[in-house]
Every structure is written in C-alpha cells, then in structure tokens.
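>>> Sequence and predicted model, in that order:
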Amino acid sequence: MLRIAMPIKSSINFCNLAPIEFQSLHEFMIIKVDDNSYKQMRFQILLFCFVLPVSLYAQEQGNSYLSKDEKGWLQLTEAGASHFANLALSCIQKEYPNKLNQVLKDEREIKNPKKLHPAFYGCFDWHSSVHGHWMLIRLLKSFPDLPEAKEIRRLLNENLSESNIKEEVVYFEAASKSWERMYGWSWLMKLSEELYDWNDRDGKQWKRNLQPLTDAIVQRYMDFLPKQTYPVRTGVHPNTAFGLSFALDYAKKAGRTDFTMLIESRARDYYLEDEDCPADWEPSGEDFLSACLEEANLMSRVLSKDDFTKWFRKFLPKQKLKTLGRPAEVSDRSDPKLVHLDGVNLSRAWSIYGLLPYVKKRKLRKLLLEAAEKHLNATVPYIASEHYEGTHWLASFAVYALVAR
C-alpha cells in the first residue's frame, strides 16, 4: 500500500479509480493506492494526483480571499485583506534580499539599504516598498477593523516619519535623473493620492511627512516630460502610460492644474494617433504590465467619453481585444522574471475595469467583465508566502485590481 501526503482540504474522487481512497487530515490529504492500481497508473493520472490537487488547494485558499458583491463584481474579503496585509507587514522592514539599482559615483555611496532609504528599504526594492505602504493604507481605509490594523499603524509611523522622508528626498536629489523613472515615481504618486484627503489622524501626519518627497517627484515629472519625445511602450517598469496614469490621478486629486495639463498634453502627443495595438504580441516573456491596455486605460482618463470611444475602436479592434482575454500562464513562480506574468494578469484586470464605463454594448461588457474575473482568478489564489520573488509585490497589484473599478 502506497501512502502519499498532499496539501489539500477537500476530498476528491480522482479518475473514478475505486482502489484510490482519500482521507482528509487537517490541511493534508492521505492518498492510499493499492499495489495493482498503482502499477496501472500512467503519467497523465499521476499529473492529476499530484499537480492538480496542489492547484485546487491554492484556488480554494484564493477563493476565500474573493467574494462577489450584490452586482456580481469580485471584491476582496476581510480574510483576503488580512492575508495581503501580512505579506506587506512581513517585508516593509525586511532589509534583505535587496536590489538597490544604484549608479555609484565613488565608494562613499556604498551603504546598506536602510541607510540609503530609511522609509522604503524593505520589500526587495524601493518601488515595491512604496506600493506595499500604499496597499497597507488602502486596506486600513477599506477594512478599519482589520486584525492587523494596530501593527500596520505602528510600522507606518516608524517608516513614514518626517526625518526618514527627508533622507529619501536627499537621496532623490543626488540620484540619477532616471532613477525609478517612471514606475517608482508613479507608485509614490498613488501613495500620496491615497493619503490626500483621508480624514484620519495618522493619515494626515503621514501626508504631511510625505509631502516633500511628493513635491520632489512631481518636479521630476515636470522637468522630464517636456523632454521625452517618445513614450516607452514595454510591459515592464519604464512603461510611460502606466507612469502617467497614477501621476494624473494624483494631479487631479491634489488640484495641480499645471501638472494635469502637462500629463494630458503629453499623453495626446504620445498616443492619440495610435491604431491597431499589437495585442497578439502580448505578453512578452517577462512583462508585468499590459502595454496595450495600460495605454487605453490612460487615454480613458484623458479623452472625453465620445472621443475615447472613437479612439478605442481604432486602437483595439474587437478581434485584437479578444486576444487579451486569455490569462498569461506562469510556469514557475519561484523565478523572479517568469512570475512577472502574474502581474500581467492583474494589470489586465484593473485596465479592463477602467474601460468598462466606456463600453456601450452589453454583450461586449459581459465578455470584458468575465475576462477581468478570469485574470484575477488565474493569479490571486497563488499570491501566497512561498516565493518572495512574487510576494514582495503582487499583493499590491491584486488589491489595486480589486479596487480599480
């Protein structure tokens, strides 16, 4: 008799093989297979008995993080919020491993991450730390009674102190002009936007403390955009459309008319004449953003509803739009580049949610909504604590995708 222990919480009758018996034991499944039956098993059946249960377990865990509201839209549950909060809490003060992305002028600039970035030194890199802080604040606002709320406030009070932010500004002033452009810049804009009008004592203090860094990065945008002749269209960090979207959200929230006008003007310069976006080229092997949908998402913020509808019809014809309805497949979530593809799924989900108000045809709206949910369900269940390559950043993407609508 062969016994195999597997992490799964529900009994399943695999392949209708009577000799196979399942017995649930806490979070594990004991599989008993008699000798004759085991000899008859072929490779495909082994795949069912080993790979599929692990997948189902992950989906079951993920499904507890999602529910549907009264309109049938996916939403984050408190269990999901708690899970994602713990992922960020476990890394925003975790100094190593760390990717600094520095250009060193001399040996005096060789310092440990916390010394260089006393506010945003955790979560592997600067931008992931920034959006980890954004996510924790968003979860606090959405779930004020979260069990982790007290710990969230404690750590954010430590990290987002006035003195720490001053050191971050000092670093920015000395850093290369392209440092964290625009991906890290845009997440700092999202963090500042989230705090902007929050009527919360801690939130108001964090906003005041963060303002000098916010102002420094706004100035970086103001200096750079007039010089940027062409947009960056890749599906990774430098993507211009993504970088402008969050900046535009902040500019509008903060009433920065000059900043708003510059972003909208450059967006038109870059994208207004675009047609037939090569959606069938997506995703590239290490993308974590959907280049086509991020661009459309930005233009939906910039153009009037009628103008956007006309532009979108040429930019993403229906047939090309359909190719974006299939979630990306992630073959190895322990690989730091391959796991980027989970980000593509979440980027597509939040972009589709952003586009839905502009889609008039009921059938197409239904198809798009189903596509967004399919992409969420393809990734959210797998944002667990097993592989730091994904967990240091994907939770923020998942939360943004679920609140983007």
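Looks like it came in fine.

>>> and the closest residue to E264 other than its chain neighbours, how many neighbours?
Leaving aside its sequence neighbours, E264 sits nearest to V302 (C-beta to C-beta, 6 or more residues apart in numbering; 4.9 Å). For glycine as for every other residue, the C-beta is placed from the backbone atoms N, C-alpha and C. By other C-beta atoms under 10 Å, 21 other residues sit near V302.

>>> who are the neighbours in contact with V302?
By C-beta atoms under 8 Å, 6 or more residues apart in numbering, the contact list for V302 reads L248, I263, E264, A267, R268.

>>> Using JSON lines, please lay out the residues you listed together with pLDDT and secondary structure.
Below are the contacts of V302 laid out as JSON lines (pLDDT from 0 to 100; DSSP: H, G, I helix; E, B strand; the rest coil):
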{"residue": "L248", "pLDDT": "98", "secondary structure": "helix"}
{"residue": "I263", "pLDDT": "98", "secondary structure": "helix"}
{"residue": "E264", "pLDDT": "98", "secondary structure": "helix"}
{"residue": "A267", "pLDDT": "98", "secondary structure": "helix"}
{"residue": "R268", "pLDDT": "98", "secondary structure": "helix"}
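
>>> Contacts for stretch 96-108, please.
Contacts for stretch 96-108 (C-beta under 8 Å, 6+ apart): E109, I110, P113, L116, Y121, F124, D125, W126, S176, W179, E180, Y388.

>>> Straight-line length of it, end to end?
Criterion C-alpha to C-alpha, to the nearest Å; first-to-last residue distance in stretch 96-108 is 21 Å.

>>> List the buried residues of it.
Buried residues in stretch 96-108, defined by neighbour count with 16 or more other C-beta atoms under 10 Å: N98, L100.

>>> Stretch 312-323 too?
F312, F315, L316, K320, L321.

>>> Please report the distance of the residue nearest to E264 from L368.
V302 is 20 Å from L368, where distance means C-beta to C-beta, to the nearest Å.

>>> repeat for M261
For M261, the distance to L368 - C-beta to C-beta - is 31 Å.

>>> domains for the protein, by residue range?
2-52, 64-403 (automatic domain parsing).

>>> mean pLDDT for these: which is lowest?
Among the domains of the chain, domain 2-52 has the lowest mean pLDDT, at a mean of 38.

>>> Give me the number of neighbouring residues for Y388.
Neighbour count for Y388, taken as other C-beta under 10 Å: 17.

>>> Contacts only, for it.
Contact analysis of Y388 by C-beta under 8 Å, 6+ apart lists C91, P97, F124.

>>> Apart from its neighbours in sequence, what residue is nearest the first one?
Distances taken as C-beta to C-beta, 6+ apart put C123 closest to C91, at 4.2 Å, once the chain neighbours are dropped.

>>> hang on, the one you found packs against S129?
Yes: the pair C123 / S129 is scored as a contact, 4.3 Å apart, by C-beta atoms under 8 Å.

>>> Is it correct that S351 is in contact with E294?
Yes: using C-beta under 8 Å, S351 is in contact with E294, at 6.1 Å.

>>> which one of the two has more residues nearby?
Shown here are S351 and E294; by other C-beta under 10 Å, S351 has more neighbours (27 against 24).

>>> Let me see the contact set for that one.
Counted by C-beta under 8 Å, 6+ apart, S351 has contacts S290, L293, E294, A296, N297, A404.

>>> other SSEs contacting the longest helix along the chain?
For the chain, the helix with the greatest residue count under DSSP state H is helix 201-224. Under the contact criterion of 3 or more C-beta pairs under 8 Å, 6 or more residues apart in numbering; DSSP states H and E, helix 201-224 touches helix 149-159, helix 162-174, helix 183-196, helix 240-254, helix 257-271.

>>> 6 Å instead, please
If you count contacts as 3 or more C-beta pairs under 6 Å, 6 or more residues apart in numbering; DSSP states H and E, helix 201-224 packs onto helix 162-174, helix 183-196.

>>> in that helix, what counts as buried?
In helix 201-224, counting by 16+ other C-beta under 10 Å, buried: 202-203, 205-207, 209-210, 213-214, 216-218, 220-221, 224.

>>> do the same with stretch 115-126
For stretch 115-126, by 16+ other C-beta under 10 Å, it's L116, H117, P118, A119, F120, Y121, G122, C123, F124, D125, W126.

>>> where's the second one relative to S129, distance?
H117 sits 7 Å away from S129, going by C-beta to C-beta.

>>> Quick one: distance of stretch 347-360 to the chain centre.
16 Å (C-alpha atoms, centre = their mean, to the nearest Å).

>>> Would you mark the buried spots in it?
Taking 16+ other C-beta under 10 Å as the criterion, stretch 347-360 shows S347, R348, A349, W350, S351, I352, Y353, G354, L355, Y358, V359 as buried.

>>> Which of these lies at the shortest distance from E158?
E158 lies nearest to W350 out of the buried residues of stretch 347-360, by C-beta to C-beta, at 29.8 Å.

>>> Show the contacting residues for that closest one.
Y400, A401, A404 (C-beta atoms under 6 Å, 6 or more residues apart in numbering).

>>> Of the residues you listed, which is the nearest to F172?
Taking those together and measuring to F172 by C-beta to C-beta, the closest member is Y400, at 23.7 Å.

>>> How about the closest one: what's its closest non-neighbour residue?
Nearest to Y400 is W350, by C-beta to C-beta, 6+ apart, at 5.7 Å.

>>> Now do the SS call for that neighbour.
With DSSP: H, G, I helix; E, B strand; the rest coil as the basis, W350 sits in helix.
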